[in-house]
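Chemist: no sequence on this one, just coordinates:
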């Protein structure tokens, strides 16, 4: 709260009294402040703009849809199961929209090089097990059963697999058992984070 | 809709079939694509990150508060006037939060140089007359009557004055009469833009 009056993490104190916040701003900052590091942003201005559009899409569209589904209580109404299914379909539709704009070969969003767009979504993608555990599954069609969306789901799986194989993703993902009590509070809609509260009010990422 | 499936403006087609959208992404794109033009982003990575935090604040906090106030219907409930006053106070509080992080001298947000942060807010600031016209005023305290907030309101007025004096702002602002029928639809909560609809649902900028 001292460093970031908005009370949100991540917050990065780059020097005493100089705090920065907002996840996507921090990702840009690290690129700007350490230009000798391997870049995680495309150089071409058009591709850079595309990467920013889809980075914003993750924050403004995908993460809210993830949380609306996760925190939904099917027992709250007679047609709860129908509503749950609608939220599942809406979340899958967002993933498809994202996937359809990926570089066709990849394996990463922008092509052969890892970039910020991949980094902002993978923490959520590796947690899709929470829907199996708490909400009756996400119901992404199995291989060969995707119908009109088959090509996009194949591309989606290729993307997930490439990201999951990276050392940085493995090193920053804990065993499921450590997440369970945290996600149970979200799944029961009892979490008290700013994100959980915003979701409860029908809003997006605060 | 062909160029931007999200159906929002501005949309910029940089080449046939290559469309970009999202206001703040476009501002960054113009900086990246025309590096020989006078820069509108600070060079220092920390200041650049600050400018992005406050650019995002305008989109995610100030513009929604502007529209919640503008589209609110005081006649909709018995305590409508109280609610209207609360929305006024909330909007003023956002302006103060923005202003308190301005460079102390200015006149612009980041200091003596105009930057993107100024550009994203000034179109809304020059339309504050809509609150006088439709919603009984915004009630920003007059000079010398700001109490604890006096210093911030003095800085706010300095910022507005500096921006209003710029040729680009004058050249892109029409006579009030041309805006009246458009803003009347917002003030009556009958506008059908995506922004108006999102506001009606209690959400922010789509």
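Modeler: Received the coordinates, thanks. Note that this is a predicted model, so its numbers are computed, not measured.

Chemist: which other helices and strands contact the longest helix seen in chain A?
Modeler: For chain A, the helix that runs over the most residues, judged by DSSP state H, is helix A:80-100. Packing contacts for helix A:80-100, counted by 3 or more CB pairs under 8 Å, 6 or more residues apart in numbering or on different chains; DSSP states H and E, involve helix A:45-57, helix A:63-71, helix A:150-164. Every residue, glycine included, has its C-beta placed from N, CA and C.

Chemist: using a markdown table, please lay out the ones you listed together with distance to chain B and mean neighbour count.
Modeler: Listed next are the helices and strands packed on helix A:80-100 as a markdown table, based on distance: least, CB to the nearest CB, whole Å; neighbours: other CB atoms under 10 Å in any protein chain shown:
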| stretch | distance to chain B | mean neighbour count |
| --- | --- | --- |
| helix A:45-57 | 4 | 20 |
| helix A:63-71 | 10 | 21 |
| helix A:150-164 | 15 | 17 |
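
Chemist: out of those, which is closest to residue B:95?
Modeler: helix A:45-57 (24.2 Å; CB to CB).

Chemist: which SS class is residue A:20?
Modeler: Three-state call for residue A:20 (DSSP: H, G, I helix; E, B strand; the rest coil): strand.

Chemist: what is it paired to in the beta sheet?
Modeler: Counting by DSSP bridges, residue A:20 forms beta bridges with residue A:12.

Chemist: roughly how far does residue A:137 sit from chain B?
Modeler: Distance, residue A:137 to chain B, by CB to the nearest CB, to the nearest Å: 28 Å.

Chemist: and the pLDDT at that residue?
Modeler: The model reports residue A:137 with a pLDDT of 96.

Chemist: burial count for the nearest residue to it once chain neighbours are set aside?
Modeler: Take residue A:137 and drop its neighbours on the chain: the residue closest to it by CB to CB, 6 or more residues apart in numbering or on different chains is residue A:131, 5.9 Å away. By other CB atoms under 10 Å in any protein chain shown, 20 other residues sit near residue A:131.

Chemist: likewise for residue A:198?
Modeler: The burial count for residue A:198: 15, using other CB under 10 Å.

Chemist: ok, the helix or strand bottoming out on mean pLDDT in chain A near chain B or not?
Modeler: Of all helical and strand segments in chain A, the minimum by mean pLDDT, DSSP states H and E falls on helix A:194-200, at a mean of 90. No - applying CB under 8 Å from any CB of the partner chain, one finds helix A:194-200 separated from chain B by no less than 10.4 Å.

Chemist: for that helix, packing partners?
Modeler: Using 3+ CB pairs under 8 Å, 6+ apart, helix A:194-200 is in contact with helix A:63-71.

Chemist: tell me the helices and strands packed up against the helix it packs on.
Modeler: Packed next to helix A:63-71, using 3+ CB pairs under 8 Å, 6+ apart, are helix A:80-100, helix A:129-134, helix A:176-187, helix A:194-200.

Chemist: run through chain A and note the low-pLDDT ranges.
Modeler: Chain A contains no residues with pLDDT under 70.

Chemist: let's see that with 90 instead.
Modeler: Along chain A, the parts satisfying pLDDT under 90 run over A:1-9, A:17, A:193-194, A:198-206.

Chemist: identify the residues contacting residue A:67.
Modeler: A:186, A:195-196, A:199 (CB atoms under 8 Å, 6 or more residues apart in numbering or on different chains).

Chemist: thanks again, I'm all set now.
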